[in-house]
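Here is a sequence together with a model predicted from it:
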Amino acid sequence: MSTRSRLLLCVAVLAALHLGVACAGFFAPYDPAAQDREHPYAPPMRLHFVDGQGGLHLRPFFYAQALRSGSFDAYEENRTRAIPVKFFISGAPYRVLGVLPLRMHLFGGDVPVYLLGSDGYGRDLLSRVLFGGQVSLLAGLIGAGLTLSIGLCIGAAAGFWGGWKDEALMRVAELFLALPWIYLLFAMRAFLPLAVPPLKAFLLVIMVIGAVGWARPARMVRGIVLSAKERDFVRAARGFGASGGYLLRQHILPETASVVLTQAAILVPQFVLAEMTLSFLGLGVPEPVPSWGNMLASLQHYNVLVSYWWMYLPALAMVPFFLGYLVLASLLQGSRGTSKIGEVFGGV
Amino acid sequence: MTRFLVRRLAHAAFLLLGVSLLAFLFSTLAPGNYFDEMRLNPQISAERLSALRAEYQVDRPMVVRYARWASALLHGDLGFSFAYNTPVAPLLWTRARNTLLLTGTATVLVWILALPLGVWSAERLGRPADVALSWATAVLLIIPDLTLALGLLVLAVRSEWLPTGGMVSVGFDGFSAAHKIRDVALHMVLPVTVLVAAALPVLLRHVRAAVAEALEVPFLRAAEGHGISRRRLLYRYALAAAAHPLIALFGFSLGTLLSGSLLVEVVMSWPGLGPFLLEAILARDLYVVIGGVLLSTLFLVTGNFVADLLLYWADPRIRSEAAGR
């Protein structure tokens, strides 16, 4: 396969993954905040194709789980009645991409079905992972966009102006690179209010993440701008009387596109992880809104760790996404002709 | 040489100054301070509170506090912790020692693993063994330390093979010396594994790329033609030619000794600098935060400085460049 078709394949897979999360309401059987007090900490249910008599069912079925009498967290399957999985059924209302109201879900059953189990409030983990992906991925994407915009502006300004302004901007960038970035994240988060409603917290997290990482892309953009502005055609355009803004827009900034794209592929997973870290530590998006980070927070309790292993499953949700971005980054890097794979990953 | 040294030292001093200023700025912008929560405590009277505020001088302007703090720092005094009511330096030192035990072990292990594996992989560039190793490092690379740490914790708790959380078992003070060492070592297994798994793929890929590049250089081809043994060629010549990026990375490894393990320490409840600082940030224990950040930055700056010195010593190109300037 040529690099180009690999790149297309990789982008297509990533787009499909993101689309799946964007349409979380359809793939998730329940509302992420809907509680089922009858089923706290229900273990993942198994889908069956073969019933007790050895008969084969084309439509998968499952057995209802109920708390064993006298216990508060041990479940037993009711093997007497097989409950078929129903597809395209009507359920909890949701909005696709925040606008289109729908009620149709990919699957469901006559009794609650928890494919990944449920948490302490009886909320479906699968639904929460899917909706949590919206929060975490959006934070990563917007954060990366913000960081790259800041980096692009500062890098371009420094490279284009040169002189003492360049020197000053790059010294500040060095300062930001010298601080351990996780401290920087905490420090910036610490000076913002701690207990805030989910939406505001989400915006705060994005702001903090976006403001932390600009130094590295700024340095790279500056390097390209520095060499680009001395190219002959740029000098020629300047000689014809082109203004600084025109030169930047038409001739210089297009040169930075490949670096910016590569940096985006590297930064998005880093920032998704930053959101996860902050939310895991209780500094990010608060309950009841799910995010990949705050869903893991319950694992800080020893009894959850011991008894309810499925609470760990949300930690694996980002694996296909990160793999996609990693492949994308190395393909983009390869197509630029630089062979040092390692440089991509030295970031954190 | 002197000129080179002075330049690098001035640069390091500038960074430390900038970071301390930035830390003070952040702390001034932060809403509230340590004593604000005391206002809610009915057992502390308003007079006592204002006396405390006056004693710790939290209401003075930032410039004044910074000046006082900086002059105290020059006398080796890092300030006073509000929460622990003791000087910051010994507090930080105990925690930093635990962190260094963890990260020092992990760093040594990472380099011991990465150098031979990287050379081995570069020698087989593109062959099945190298491709398999590349995939393995890619998998390690995408699994973040948070996921890995929590996963290992779940495994360890369920299997009960290894102690989870903390640094010592209950009743540690009564153990014999050998038992004590064994106990701490067992507690270190999980966090060190996570740290090694997080750092190994990055380093391994750098070593592989650097050695593979060095192997293409004509003088090494010539050396190969002269019949120098493979081993000597790889470790004596190729690794030396590939040293430049590796030395820079070594400086980076040194630099992140204090700050690299924060999350792992929090997850594994290791009594290091990480959980201590996090707690201090949340409680607005100002001078602990600033002292911790500064100490970590000092490590980072020192790591870079050591790398610069090593590069100066190892790479004649830098020497001539510095002399020519």
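Yep, that arrived. Residues are numbered from 1 along each chain as shown, chains lettered A, B, ... in the order given.

ok, now how distant is the residue nearest to the spatial centre of chain A from residue A:107?
Centroid check for chain A by Cα atoms, centre = their mean gives residue A:137 as the closest residue, at 2.5 Å. To residue A:107, residue A:137 is 23 Å away according to Cβ to Cβ, to the nearest Å. C-beta coordinates here come from the backbone N, C-alpha and C atoms, glycine included.

can you pull the pLDDT of residue 122?
You didn't say which chain, so I picked chain A. pLDDT recorded at residue A:122 is 84.

my question was about chain B
Value listed for residue B:122 in the pLDDT field: 87.

quick one on the thing from earlier: okay, and the residue nearest to the centre of chain A sits in which element?
Using DSSP states H and E, residue A:137 sits within helix A:125-161.

Using PDB, write out every CA atom in stretch B:187-203.
Output of stretch B:187-203 as PDB, limited to C-alpha atoms (Å, rounded to 0.1, in the frame of the first residue of the first chain):
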ATOM      1  CA  HIS B 187       6.100  -2.300  47.300                       C
ATOM      2  CA  MET B 188       8.300  -0.800  44.600                       C
ATOM      3  CA  VAL B 189       7.600  -3.500  42.000                       C
ATOM      4  CA  LEU B 190       4.300  -2.100  40.700                       C
ATOM      5  CA  PRO B 191       5.100   1.600  40.400                       C
ATOM      6  CA  VAL B 192       8.600   0.900  39.000                       C
ATOM      7  CA  THR B 193       7.000  -1.400  36.400                       C
ATOM      8  CA  VAL B 194       4.600   1.400  35.300                       C
ATOM      9  CA  LEU B 195       7.400   3.900  35.100                       C
ATOM     10  CA  VAL B 196       9.700   1.600  33.100                       C
ATOM     11  CA  ALA B 197       6.800   0.700  30.700                       C
ATOM     12  CA  ALA B 198       6.100   4.400  30.200                       C
ATOM     13  CA  ALA B 199       9.700   5.500  29.500                       C
ATOM     14  CA  LEU B 200      11.000   2.400  27.700                       C
ATOM     15  CA  PRO B 201       9.300   2.800  24.300                       C
ATOM     16  CA  VAL B 202      10.400   6.400  23.900                       C
ATOM     17  CA  LEU B 203      14.000   5.700  24.800                       C
END
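
And it, what's buried?
B:187-188, B:190-203 (16 or more other Cβ atoms under 10 Å in any protein chain shown).

cool, and stretch B:143-163?
Neighbour count says stretch B:143-163 has B:143-154, B:156-157, B:162-163 buried, by 16+ other Cβ under 10 Å.

does residue B:89 really touch residue B:78, like I thought?
Yes - contact criterion Cβ atoms under 8 Å: residue B:89 and residue B:78 qualify, at 4.5 Å.

Looking at these two, which is more packed in?
residue B:78 (22 against 16; other Cβ atoms under 10 Å in any protein chain shown).

Residue B:234 against residue B:119, yeah?
Yes - when contacts are counted by Cβ under 8 Å, residue B:234 is listed as touching residue B:119 (5.4 Å).

Need the residues touching each of these two.
Contact criterion Cβ atoms under 8 Å, 6 or more residues apart in numbering or on different chains; residues shared by residue B:234 and residue B:119: residue B:211.

close to chain A, is the lengthiest helix in chain B?
Counting residues, the longest helix in chain B under DSSP state H turns out to be helix B:177-215. Yes - using Cβ under 8 Å from any Cβ of the partner chain, we find that helix B:177-215 touches chain A at B:201, B:202, B:205, B:206, B:208, B:209, B:210, B:213.

Would you mind measuring from residue A:155 to chain B?
As judged by Cβ to the nearest Cβ, to the nearest Å, residue A:155 and chain B stand 19 Å apart.

what's that residue in contact with, if anything?
Here residue A:155 is in contact with A:217, A:218, A:219, A:220, A:221, A:222, A:225, A:256 (Cβ under 8 Å, 6+ apart).

ok, now residue B:269?
Contacts for residue B:269 (Cβ under 8 Å, 6+ apart) come out as B:165, B:166, B:275.

can we see that at 6 Å?
By Cβ atoms under 6 Å, 6 or more residues apart in numbering or on different chains, residue B:269 lies in contact with B:165, B:166.

got it, and residue A:312?
Residue A:312 makes contact with B:150, B:154 under the criterion Cβ under 6 Å, 6+ apart.

go again using 7 Å as the cut-off
A:299, B:150, B:151, B:154 (Cβ atoms under 7 Å, 6 or more residues apart in numbering or on different chains).

Let's have these in a markdown table, adding distance to residue A:64, secondary structure and pLDDT.
Output for the contacts of residue A:312, formatted as a markdown table (distance: Cβ to Cβ, whole Å; DSSP: H, G, I helix; E, B strand; the rest coil; pLDDT from 0 to 100):
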| residue | distance to residue A:64 | secondary structure | pLDDT |
| --- | --- | --- | --- |
| A:299 | 27 | helix | 86 |
| B:150 | 30 | helix | 90 |
| B:151 | 30 | helix | 89 |
| B:154 | 27 | helix | 87 |
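
Can you name the two of those that sit furthest apart?
The most widely separated members of those are A:299 and B:151, with 9.9 Å between them, by Cβ to Cβ.

if we can go back for a sec, for the helix or strand following the helix holding residue A:137, name the packing helices and strands.
Sequence-wise, the next helix or strand downstream of helix A:125-161 (DSSP H and E) is helix A:163-178. With contacts defined as 3 or more Cβ pairs under 7 Å, 6 or more residues apart in numbering or on different chains; DSSP states H and E, helix A:163-178 has these neighbours: helix A:125-161, helix A:215-228, helix B:2-29, helix B:286-314.

Specify the local secondary structure of residue A:82.
strand (DSSP: H, G, I helix; E, B strand; the rest coil).

Can you give me the neighbour number for it?
Counted with other Cβ under 10 Å, residue A:82 comes out at 17.

Now do the same contact list for it.
Taking Cβ under 7 Å, 6+ apart, one finds A:51, A:61, A:63 in contact with residue A:82.

got the residues of the stretch 151-300 of chain A near chain B?
Neighbours of chain B within the stretch 151-300 of chain A, by Cβ under 7 Å from any Cβ of the partner chain: A:174-175, A:178-180, A:182-183, A:186-188, A:190-191, A:193, A:273, A:276-277, A:280-281, A:296, A:299.

In helices, which of the residues you listed appear?
Per DSSP H, those map to helices at A:174-175, A:178, A:182-183, A:186-188, A:190, A:273, A:276-277, A:280.

Write the PyMOL selection for whichever of those residues are buried.
Buried residues among these (16+ other Cβ under 10 Å), as a PyMOL selection:
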select buried, chain A and resi 175+178+182+183+186+187+188+190+273+276+277+280
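
Of the ones in helices among the residues of the stretch 151-300 of chain A next to chain B, which is the nearest to residue A:209?
Taking these together and measuring to residue A:209 by Cβ to Cβ, the closest member is residue A:188, at 9.0 Å.

Spell out which parts of the stretch 51-200 of chain B neighbour chain A.
So the stretch 51-200 of chain B meets chain A at B:138, B:141-144, B:146-147, B:150-151, B:153-154, B:157-158 (Cβ under 7 Å from any Cβ).

Among those, which one sits closest to residue A:331?
Nearest member of these to residue A:331, counting by Cβ to Cβ, is residue B:138, at 12.6 Å.

in stretch A:305-313, what's buried?
Buried residues in stretch A:305-313 (16+ other Cβ under 10 Å): A:305, A:308, A:309, A:310, A:311, A:312, A:313.

Rank these by pLDDT and give me only the lowest.
Confidence-wise, residue A:305 trails the rest of these, at 82.

That residue: what's it in contact with?
A:299, B:153, B:154, B:157 are the contacts of residue A:305 under Cβ under 7 Å, 6+ apart.

Just want the phi and psi numbers for it.
In terms of degrees, to the nearest 10, the main-chain angles of residue A:305 are phi -60, psi -40.

Many thanks, have a good one.
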